[in-house]
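Visitor: After the sequence you'll find the predicted model.
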Amino acid sequence: MKMVSSIILASIITISSHAADIEAGKAKSAVCTACHGQNGISRFPLYPNLAGQKEQYLIKQLKAFKAGLRRDATMVAMSVPLSDEDIRNLAAFYANLPIDNQTNEQK
Ligand code: HEC
């Protein structure tokens, strides 16, 4: 029983130490803004909007690019240097951007 509770405790600590950091995600996103827009709204027809996208979906896609499961030369190159923590933070940052403004005007 004691072992079970220490395992549970260890997982809680692991989860909380891996909580996404939106500010860190914003800092990391500097390199992404050229294509995905500063507010996550892209100004190019072939570059998707990321603002307000589902967080888990963004994580899944970034990991898929990184693993080569989703193929796009640009995004594979962009995702390879990202750590799992970077991916979580970037996903949290984009998921939390508002989608009410669908123009690419920078606020
Ligand atoms: C040079 C342009 C460019 C840069 C820089 C760039 N991306 Fe992308 N991104 C794209 C393109 C193009 C696609 C669409 C890929 C496809 O067609 O599969 C894409 C797709 C994505 C997707 C999938 C969206 C979806 O709806 O499935 C995510 C997530 C993403 N990018 C995140 C990022 C992040 C995070 C960064 C910065 C670390 C970044 N991108 C930098 C061009 C770029």
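Guide: Cool, the structure landed.

Visitor: quick one: contacts for the spatially most central residue of the chain?
Guide: For the chain, the residue sitting closest to the mean C-alpha position, by C-alpha atoms, centre = their mean, is A91 at 2.1 Å. By C-beta atoms under 8 Å, 6 or more residues apart in numbering, the contact list for A91 reads A20, G25, E55, Q56, L58, I59, L62. In short, each C-beta sits where N, CA and C put it, glycine included.

Visitor: any idea how far V4 is from it?
Guide: A91 sits 31 Å away from V4 when distances are taken as C-beta to C-beta, to the nearest Å.

Visitor: hmm, back to that, derive a PyMOL selection command for the buried subset of the contacts of A91.
Guide: In PyMOL, a selection of the buried entries from these looks like this (16 or more other C-beta atoms under 10 Å):
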select buried, resi 20+25+55+58+59+62
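
Visitor: Among the contacts of A91, which one lies nearest to I41?
Guide: For the contacts of A91, the residue nearest I41 by C-beta to C-beta is L58; the value is 14.8 Å.

Visitor: quick one, phi psi at the residue lying closest to that closest one once chain neighbours are set aside?
Guide: Spatially, and ignoring its direct neighbours in sequence, L58 is nearest to A91 (3.8 Å; C-beta to C-beta, 6 or more residues apart in numbering). Reported as degrees, to the nearest 10, the phi and psi values for A91 are phi -60, psi -40.
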